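Student: Starting from these lines, generate the structure:
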Amino acid sequence: MDIEQARFNMVEQQIRPWDVLNQAVLDLLFKVRREEFVPAPYRSLAFVDMEIPLGHGENMWPPRLEARCVQSLHLQATDKVLEIGTGSGYLTALLASLAGKVHSVEIHADFLKDAEARLKAHGFANVTLEAGDASRGWENHAPYDVIVVTGSLPVIPDLLPAQLAPGGRLFAVVGDEPVMSAQLLTCVSRGVYRSETLFETSLKPLVNALQPERFVF
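Tutor: Okay, here's the model as predicted:
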């Protein structure tokens, strides 16, 4: 496989057509080598428009979702980011390439170990990986300028936006199958938020995601 041609095709055929036009984000997709964050058995699928299995029933996002997420956050070099769910570490690397500091929390210890090795190999010194359950937020380094949730949420727990600094942005896929949408929540001021629906998609639920009360008939 011609890796660079496959990478080019991914950007031009999957990502640009999905309204990812920010040049800094597109450049990043050539700089951070996605195939080196994909589990070895699936490396040949690194540039395919699909979820890639990671283990524990978890998946790596499709490339277009990763790119659209990063573009929507308008990351700044001074931003402090909380990533809930490290996974392979690839999205972590994209975030860390544009932000000042990334705190990534992962519930599966083996994911954390593998992601740490990959991120170190690529020289990311502005990432802190922590083991734990951040499904209700992560107080350790709050407030954050950016929060990214890598599994879907039926509802957004109140504690998550409460950990945003004024001007901070929260990206999450919200809803239940078959109707989910990517949401961008912006903290206008303390306790005041603006919500924007970005696009429809579908994503595996976050482990231990808060469940809303449901009517039983």
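Student: where along the protein do the strands fall?
Tutor: Across the chain, reading from the start of the chain, the strands by DSSP state E fall at 52-55, 58-60, 80-84, 101-106, 127-131, 144-149, 164-176, 179-189, 192-201.
Student: Tabulate those strands in CSV, adding columns for mean pLDDT, distance to Ala115 and mean neighbour count.
Tutor: Placement of C-beta: from N, CA and C, glycine included. Shown next, in CSV, are the strands of the chain (pLDDT from 0 to 100; distance: least, CB to CB, whole Å; neighbours: other CB atoms under 10 Å):
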stretch, mean pLDDT, distance to Ala115, mean neighbour count
strand 52-55, 97, 10, 17
strand 58-60, 97, 11, 21
strand 80-84, 98, 10, 26
strand 101-106, 98, 7, 24
strand 127-131, 98, 6, 16
strand 144-149, 98, 14, 25
strand 164-176, 97, 19, 20
strand 179-189, 96, 23, 16
strand 192-201, 96, 23, 13
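Student: I'd like to know which of those is closest to Leu21.
Tutor: Using CB to CB as the measure, strand 192-201 is the one of the strands of the chain that comes nearest Leu21, at 14.2 Å.
Student: Go ahead and name everything in contact with that closest one.
Tutor: Residues from elsewhere that reach strand 192-201, judged by CB atoms under 8 Å, 6 or more residues apart in numbering: 65, 68, 72, 161, 164, 173, 179-188.
Student: how about a cut-off of 10 Å?
Tutor: Contacts with strand 192-201, where a contact means CB atoms under 10 Å, 6 or more residues apart in numbering, come from 18-19, 61-62, 64-65, 68-69, 71-72, 152, 156, 161-162, 164, 166, 168-171, 173-175, 178-188.
Student: returning to what we had before: tell me which of the strands of the chain lies nearest to Ser44.
Tutor: Distances from Ser44 to each of those were compared using CB to CB; the shortest belongs to strand 52-55, at 10.5 Å.
Student: Return the list of strands paired to the closest one, each annotated with direction.
Tutor: The strands that strand 52-55 pairs with in its sheet are strand 58-60 (antiparallel) (by DSSP bridges).
Student: Pull the contacting residues for the residue lying closest to Gly55 once chain neighbours are set aside.
Tutor: Here the nearest residue to Gly55 in space, its sequence neighbours aside, is Asp110; by CB to CB, 6 or more residues apart in numbering that works out to 7.0 Å. If a contact means CB under 10 Å, 6+ apart, then Asp110 has Leu54, Gly55, His56 as its contacts.
Student: Need those in TSV (columns: distance to Arg34).
Tutor: Putting the contacts of Asp110 into TSV (distance: CB to CB, whole Å) gives the following:
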residue	distance to Arg34
Leu54	14
Gly55	18
His56	21
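Student: Return the closest of these with respect to Asp145.
Tutor: Taking CB to CB as the measure, Leu54 is the one of these closest to Asp145, at 27.0 Å.
Student: And that closest one, how far from Leu26?
Tutor: 25 Å (CB to CB, to the nearest Å).
Student: before we move on, what about Gly123?
Tutor: Summarising the geometry, the distance separating Gly123 from Leu26, computed by CB to CB, is 21 Å.
Student: Which one's more surrounded, the two?
Tutor: For Gly123 and Leu26, the more surrounded residue by other CB atoms under 10 Å is Leu26, and the numbers stand at 16 against 7.
Student: If we ignore the residues flanking it in sequence, what's nearest that one?
Tutor: Sequence neighbours aside, Val11 is the residue nearest to Leu26 in space, at 6.0 Å (criterion: CB to CB, 6+ apart).
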